[in-house]
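1. Build the 3D model from these lines:
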Amino acid sequence: MNGQVVMYASRITDSMGRAMDETERRRSLQLEYNREHNINPETIRKKVSDIMDMVLMPDDTAPYKVVRSSRQEMPREDLERLIIGLEEEMHLAAEDLRFEYAARLRDEIADLRKRLRRMIAAS
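-> Have a look, this model is predicted:
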């Protein structure tokens, strides 16, 4: 792990202490899980925009059966359902401690919500 956080404060407040304790608790859970499953974490080297290629692949393992190129013409109702489905996937990923994947989903959901707002404004 190469991440580092620098906090500037004259003392550690209760909320800062709780945040640091929670970070350490999550780190311990993740390390234990990685050891049990023989996982050696590596940094993901994909663009955030590639998330739709991963999530919307037209195969039996993908959670959603939508082809990326058809996303532009997606009806409003389908777009709303897609957002709900991706939100569910994001929450499951976070529960499974797959935080990078959850963050990519969060970013894609934000983009889809912008598209939905533009679609509503245009109608």
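2. all contacts plus neighbour counts: C-alpha atoms, from now on.
-> Noted.
3. got any ranges where the protein has weak pLDDT?
-> Along the chain, segments meeting pLDDT under 70 span 1-3, 44-73.
4. residue nearest the centroid of it?
-> residue 102 (1.8 Å; CA atoms, centre = their mean).
5. Which residue, other than its chain neighbours, is closest to that one?
-> Counting by CA to CA, 6 or more residues apart in numbering, residue 90 is the residue found nearest to residue 102 once chain neighbours are left out, at 4.7 Å.
6. quick one: contacts for that neighbour?
-> By CA atoms under 8 Å, 6 or more residues apart in numbering, the contact set of residue 90 is 101-103, 105-106.
7. For the residues you listed, which PyMOL command selects only the ones that are buried?
-> Here is the PyMOL command that selects the buried residues among the contacts of residue 90 (16 or more other CA atoms under 10 Å):
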select buried, resi 101+102+105+106
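8. The residue nearest to the centre of the chain is in contact with residue 88, isn't it?
-> No. The pair residue 102 / residue 88 is not scored as a contact, 10.1 Å apart, by CA atoms under 8 Å.
9. Let's see the helix or strand that contains residue 78 as PDB, backbone CA atoms only.
-> Assessed by DSSP states H and E, residue 78 sits inside helix 76-95. This file holds the C-alpha atoms of helix 76-95, laid out as PDB (Å, rounded to 0.1, in the frame of the first residue of the first chain):
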ATOM      1  CA  ARG A  76     -35.800   7.100 -20.400                       C
ATOM      2  CA  GLU A  77     -37.400   4.200 -18.500                       C
ATOM      3  CA  ASP A  78     -34.500   1.900 -19.400                       C
ATOM      4  CA  LEU A  79     -32.000   4.500 -18.300                       C
ATOM      5  CA  GLU A  80     -33.800   4.900 -15.000                       C
ATOM      6  CA  ARG A  81     -33.700   1.100 -14.500                       C
ATOM      7  CA  LEU A  82     -30.000   1.000 -15.400                       C
ATOM      8  CA  ILE A  83     -29.200   3.600 -12.800                       C
ATOM      9  CA  ILE A  84     -31.100   1.700 -10.100                       C
ATOM     10  CA  GLY A  85     -29.400  -1.500 -11.100                       C
ATOM     11  CA  LEU A  86     -25.900   0.100 -11.100                       C
ATOM     12  CA  GLU A  87     -26.700   1.600  -7.600                       C
ATOM     13  CA  GLU A  88     -27.500  -1.800  -6.300                       C
ATOM     14  CA  GLU A  89     -24.300  -3.200  -7.800                       C
ATOM     15  CA  MET A  90     -22.300  -0.300  -6.300                       C
ATOM     16  CA  HIS A  91     -23.700  -1.000  -2.800                       C
ATOM     17  CA  LEU A  92     -23.000  -4.700  -3.100                       C
ATOM     18  CA  ALA A  93     -19.500  -4.000  -4.300                       C
ATOM     19  CA  ALA A  94     -18.900  -1.700  -1.300                       C
ATOM     20  CA  GLU A  95     -20.300  -4.400   1.100                       C
END
